[in-house]
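Asker: Compute the structure for the input listed below.
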Amino acid sequence: MKNKLAQYKKIYWDIKLSDQEVDKSWRQLQWKIGAVQYFYFKPVAAFLVSLLVFLTGIVGLAQAAAPGSTLYQVKVLSDKVVAKVSGKPEINTERRAQDVIEVSKSRPAMLPEASKQYKQALTETEQAVEQDKVHQKQFSNSLDKQKQWLKEAIEENPKSKDELKQVLQSAQSAKEKLNKEKVKNNTQDNKSKKNVH
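Answerer: Below you'll find the predicted structure:
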């Protein structure tokens, strides 16, 4: 048996292949190795693409969710992420104000929940812009827009007037607080400039 094995081994080593045959063999081997590696990553890639499509669909579906519904928290969370990534914290309050206005027209029973979410967004945005003068200015402008939207909604929706007035009052209070903070910061800046000179 050992003799036969040694004999076959000698025959194998004595075979001379042309350059074309060697090149062809390497290409075939390379293709097979590449195909095996690709096979392992194919299901992972398919899963990741499916997951991305699923999550995108959920977030898209959540954008139509009303306060109090199951997907509304997904909508709020996605808005927070957008606000954080874009560097515009006022987006949260703008979107919650739009929710309040939409709910006041179509689902007045959901208005207390929408108001609660708006007030929470106001608090979070106030904290986010507390030390940033640029964002304070943007938030101030955003509050002006929101107050205007809410005033128009009060005129258009007399049935929801009381709740909308409370939301408007929250926006006005946030604006006043922001103005006080602005005056305080300006006073501190002026004092520090005087100390430098």
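Asker: Give me the mean pLDDT for whichever strand or helix holds Asn179.
Answerer: Assigned by DSSP states H and E, Asn179 falls within helix 161-196. Across helix 161-196, the average pLDDT comes to 78.
Asker: Let me see the mean pLDDT of the longest helix seen in the chain.
Answerer: Determined from DSSP state H, the single longest helix within the chain is helix 19-62. Computed over helix 19-62, the mean pLDDT rounds to 80.
Asker: what do you get for stretch 148-158?
Answerer: In the prediction, stretch 148-158 has an average pLDDT of 90.
Asker: Can I get that stretch in CSV, CA atoms only?
Answerer: Extracted in CSV, the C-alpha atoms of stretch 148-158 (Å, rounded to 0.1, in the frame of the first residue of the first chain):
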residue,chain,number,x,y,z
GLN,A,148,-49.0,82.1,15.8
TRP,A,149,-50.1,78.6,14.8
LEU,A,150,-51.9,78.1,18.1
LYS,A,151,-53.7,81.4,17.8
GLU,A,152,-55.0,80.4,14.4
ALA,A,153,-56.0,77.0,15.7
ILE,A,154,-58.0,78.7,18.5
GLU,A,155,-59.9,80.7,16.0
GLU,A,156,-60.5,77.6,13.8
ASN,A,157,-61.5,75.2,16.6
PRO,A,158,-63.8,76.9,19.1
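Asker: contacts for it?
Answerer: 97-98, 100-101, 104-105, 108, 160-161, 164-165, 167-168, 171 (Cβ atoms under 8 Å, 6 or more residues apart in numbering). In short, each C-beta sits where N, CA and C put it, glycine included.
Asker: ok, now with 7 Å
Answerer: For stretch 148-158, contacts defined as Cβ atoms under 7 Å, 6 or more residues apart in numbering pick out 97, 101, 104-105, 161, 164-165, 167-168, 171.
Asker: on that earlier part again, which element is encountered next along the chain beyond the longest helix of the chain?
Answerer: helix 72-86.
Asker: Does that following helix pack against any helices or strands, and if so which?
Answerer: With contacts taken as 3 or more Cβ pairs under 7 Å, 6 or more residues apart in numbering; DSSP states H and E, helix 72-86 sits against helix 19-62, helix 90-106.
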